[in-house]
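Novice: kindly generate the corresponding structure for this input.
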Amino acid sequence: MLRANLQDVYLLRANLNEANLRGADLRRADLSGAYLSDATLSESDLSDAYLLESHLIRTNLDGSQMTGCCIYNWHIENLDLSKVNCRYVFTQFNYATKSPTERYPVGRELEPGELGHQYQQDGSAIEVYFTEPPNWEALVFTLAQVELESHELDLTVRSYEVLEDNYLVRIATNRLVNAKILNRRIFQLYPDILQRMLSRRTDILNLLDIKANASDLELALDPPNRLNQRPVPYLRPIAESAFTRKWSDKFNTLCCRKRQSSLCKVFSNCWIFSVVRAFPPKIFRRRLLVR
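Specialist: Residues are numbered from 1 along each chain as shown. Here you go, the predicted model:
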């Protein structure tokens, strides 16, 4: 099929693995769902071709013409797009009108090699900068809302980096997107979702049956600064004197009148209560022994 004329041909879900289509004329060809693993399409003309949901794995596209291609939801792996000739592509498809939509880029044409730079093998990646650490729960719900608004768009947090003045979150997509529009939409949704999530966080956790289990964490982790804390000194009770006994009896009598006899029994020999209730002179304070 070298340099074959395949204009307007229908190759839906065709198995073209390892096929040699070098220099082939595939203008307006419908390759939707086709399998093109290890195929050679170098120097071919794919202008206005349909590559919807097609599978391009290690496909050779060097020098091919791809202007006007519809690449909606295509699956690519180990694909080098840096050497293709392309001014623009379409990233969506309207099944009602059977026509491609969402021209990329909008209002301009791609620079040479830009498609390969923008669209990496595992999908486009956009960078989202936050001025403060992101709330991950709110960010997850934000990305979920964006996915629901865009047909078959999958978003994945690829990496997180703390910069000098910002916090960078890199998000990977399963297909080519307009980074500026997606960035703007994320920041339109994030503040409102964050506020709603914080106000209903308890209900959300209960709905998911997520409950704190502090005992497990305490077994695994030491409380902060436990190793650096000084041991609490042991305070030895002072010897009871006639003076403290006198005031202790009066205190116990008062407590018993108020039906707190059990409480006064517990603290009857405690040195600090002896100090408080007896108001002893300074000599009693000197008798405090610290082990």
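Novice: check whether residue 171 sits in a helix, strand or coil.
Specialist: Look at residue 171: counting by DSSP: H, G, I helix; E, B strand; the rest coil, its state is strand.
Novice: can you count the residues close to it?
Specialist: Residue 171 has 23 neighbours, counted by other C-beta atoms under 10 Å. All C-beta atoms are positioned from the backbone trio N, CA, C, and that covers glycine.
Novice: so it versus residue 46, what's the distance?
Specialist: The spacing between residue 171 and residue 46, counted by C-beta to C-beta, to the nearest Å, is 29 Å.
Novice: residue 170: neighbour count?
Specialist: By the criterion of other C-beta under 10 Å, residue 170 has 14 neighbours.
Novice: I should have written residue 75 there, sorry.
Specialist: By other C-beta under 10 Å, the residues close to residue 75 number 16.
Novice: from memory it sits against residue 55, does it?
Specialist: Yes: counting by C-beta atoms under 8 Å, residue 75 touches residue 55, with 4.8 Å between them.
Novice: what's the nearest residue to residue 165 if we skip its chain neighbours?
Specialist: Residue nearest to residue 165 in three dimensions, not counting chain neighbours: residue 131, with 7.7 Å by C-beta to C-beta, 6 or more residues apart in numbering.
Novice: make that residue 45, sorry
Specialist: Once flanking residues are discounted, residue 45 sits nearest to residue 65: 4.6 Å by C-beta to C-beta, 6+ apart.
Novice: what is the burial count for residue 15?
Specialist: 12.
Novice: ok, the residue lying closest to it once chain neighbours are set aside - contacts?
Specialist: Counting by C-beta to C-beta, 6+ apart, residue 35 is the residue found nearest to residue 15 once chain neighbours are left out, at 5.1 Å. Contact analysis of residue 35 by C-beta atoms under 8 Å, 6 or more residues apart in numbering lists 13, 14, 15, 16, 17, 54, 55.
Novice: and the last one, bridged to which residues?
Specialist: Meaning residue 55. Under DSSP bridges, the beta-bridge partners of residue 55 are residue 35, residue 75.
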